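**Student:** fold the following.
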Amino acid sequence: MENSTIEELQERISLYKDKIELLTKDNVRLYNEIEEIKVDTNVISSKEYDILLDNMELLKSELEKYKNLYFREKQKSKVHIVKKSKIVGRKPVSDELRNKVLDLKKQGSNIRSIAKELNIALGIVHKIINEQK
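**Tutor:** Predicted coordinates:
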């Protein structure tokens, strides 16, 4: 019996040695990884990461504010351009010219002769006569 217990103990010792060897290898591997991380300049600490994340959120909110401001200003400028463009365009027909065209039409002149006589476009004569009807 003593032999069997000694053998069992020796077997246990060998198992423990194997476990110790595996753990030692794991420790060495982990230590090497830690050293590589310390040397690596691309790695940052969690505090730095949190700070960068906060800065990124702040920049996103600022960007959103500037986008809104940009679109508001763009809309204002479009409204301003539209207001200006109402002034620009064809000049309105004066009442004097309108009355001359209508008088000539009443006298029996045709549209082409009215346009030639008053030196205005044929379309303007059409417009004035059609507005009167």
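**Student:** how close does residue 130 sit to residue 105?
**Tutor:** In this structure, residue 130 and residue 105 are 11 Å apart, going by Cβ to Cβ, to the nearest Å. Every residue, glycine included, has its C-beta placed from N, CA and C.
**Student:** try residue 73
**Tutor:** When distance is defined by Cβ to Cβ, residue 73 is 50 Å away from residue 105.
**Student:** more neighbours: these two, which one.
**Tutor:** Set side by side, residue 73 and residue 105 give different neighbour counts by other Cβ atoms under 10 Å, the larger being at residue 105 (16 against 10).
**Student:** now name the helix or strand holding that one.
**Tutor:** Assessed by DSSP states H and E, residue 105 sits inside helix 95-106.
**Student:** tell me the angle the helix or strand following that helix makes with helix 95-106.
**Tutor:** Stepping forward along the backbone from helix 95-106, the first helix or strand reached (DSSP H and E) is helix 111-118. Here helix 111-118 runs at 140 degrees with respect to helix 95-106, directions being taken by axes from the mean of the first three to the mean of the last three Cα atoms, to 10 degrees.
**Student:** which parts of this structure are helices?
**Tutor:** Under the criterion DSSP state H, the chain carries helices at the ranges 2-39, 46-87, 95-106, 111-118, 122-132.
**Student:** which residues touch the third one?
**Tutor:** To tie it back to what came earlier, the one meant is helix 95-106. When contacts are defined by Cβ atoms under 8 Å, 6 or more residues apart in numbering, helix 95-106 is touched by residues 111, 113-114, 117-118, 120, 125, 128-129, 132.
**Student:** what's the domain layout of the protein?
**Tutor:** Each domain of the chain is listed here as a residue range: 1-41, 44-89, 92-133, per automatic domain parsing.
**Student:** can you flag the weakest of those domains by average pLDDT?
**Tutor:** Out of the domains of the chain, domain 44-89 stands lowest, with a mean of 83 (criterion: mean pLDDT).
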